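give me a 3D structure for the following:
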Amino acid sequence: MLNDIHHIAQSITQRVFNEGRAQALQANGQLTEQDIERLNTSMREHIKILLQLVQEERWEDLRKLVDEGEKPNL
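The predicted structure follows:
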């Protein structure tokens, strides 16, 4: 299932970038390719954490992450 989480996180990230503001910023020269790669990696890792918490039904850890920004132990 971990591979599935990675794939899902990657797909969500790509969709956000392809349909979001980041692509427009890059097209306007406001973000470099390196900036986009860093943002993509960071977003994918954060989405993977969210999906893993949901899969494991760790609702209190998810609440802390969303409400307080507290990163869970994975």
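
my read: Thr13 touches Met43, true?
Yes: counting by Cβ atoms under 8 Å, Thr13 does reach Met43; the two are 4.8 Å apart. (C-beta placed from N, C-alpha, C; glycine too.)

and the two? which has more neighbours close in?
When Thr13 and Met43 are compared for neighbours, Thr13 comes out ahead with 22 against 18, by other Cβ atoms under 10 Å.

tell me which helix or strand of this structure sits lowest on mean pLDDT?
Every helix and strand of the chain was ranked by mean pLDDT, DSSP states H and E. The lowest is helix 21-27, at a mean of 79.

CA atoms only for the longest helix seen in the chain, dumped as PDB, please.
The helix that spans the most residues within the chain, counting by DSSP state H, is helix 33-55. The C-alpha trace of helix 33-55 is given here as PDB (Å, rounded to 0.1, in the frame of the first residue of the first chain):
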ATOM      1  CA  GLU A  33      12.700  24.800 -12.800                       C
ATOM      2  CA  GLN A  34      14.700  24.200  -9.600                       C
ATOM      3  CA  ASP A  35      12.100  26.100  -7.600                       C
ATOM      4  CA  ILE A  36       9.300  23.900  -9.100                       C
ATOM      5  CA  GLU A  37      11.200  20.700  -8.400                       C
ATOM      6  CA  ARG A  38      11.700  21.700  -4.700                       C
ATOM      7  CA  LEU A  39       8.000  22.700  -4.300                       C
ATOM      8  CA  ASN A  40       6.900  19.500  -6.000                       C
ATOM      9  CA  THR A  41       9.100  17.300  -3.700                       C
ATOM     10  CA  SER A  42       7.900  19.100  -0.600                       C
ATOM     11  CA  MET A  43       4.200  19.000  -1.600                       C
ATOM     12  CA  ARG A  44       4.500  15.300  -2.500                       C
ATOM     13  CA  GLU A  45       6.100  14.400   0.900                       C
ATOM     14  CA  HIS A  46       3.400  16.400   2.800                       C
ATOM     15  CA  ILE A  47       0.600  14.700   0.900                       C
ATOM     16  CA  LYS A  48       2.200  11.300   1.500                       C
ATOM     17  CA  ILE A  49       2.100  12.000   5.300                       C
ATOM     18  CA  LEU A  50      -1.600  13.000   5.100                       C
ATOM     19  CA  LEU A  51      -2.500   9.900   3.100                       C
ATOM     20  CA  GLN A  52      -0.500   7.600   5.400                       C
ATOM     21  CA  LEU A  53      -2.300   9.000   8.500                       C
ATOM     22  CA  VAL A  54      -5.700   8.500   6.900                       C
ATOM     23  CA  GLN A  55      -4.700   5.000   5.800                       C
END
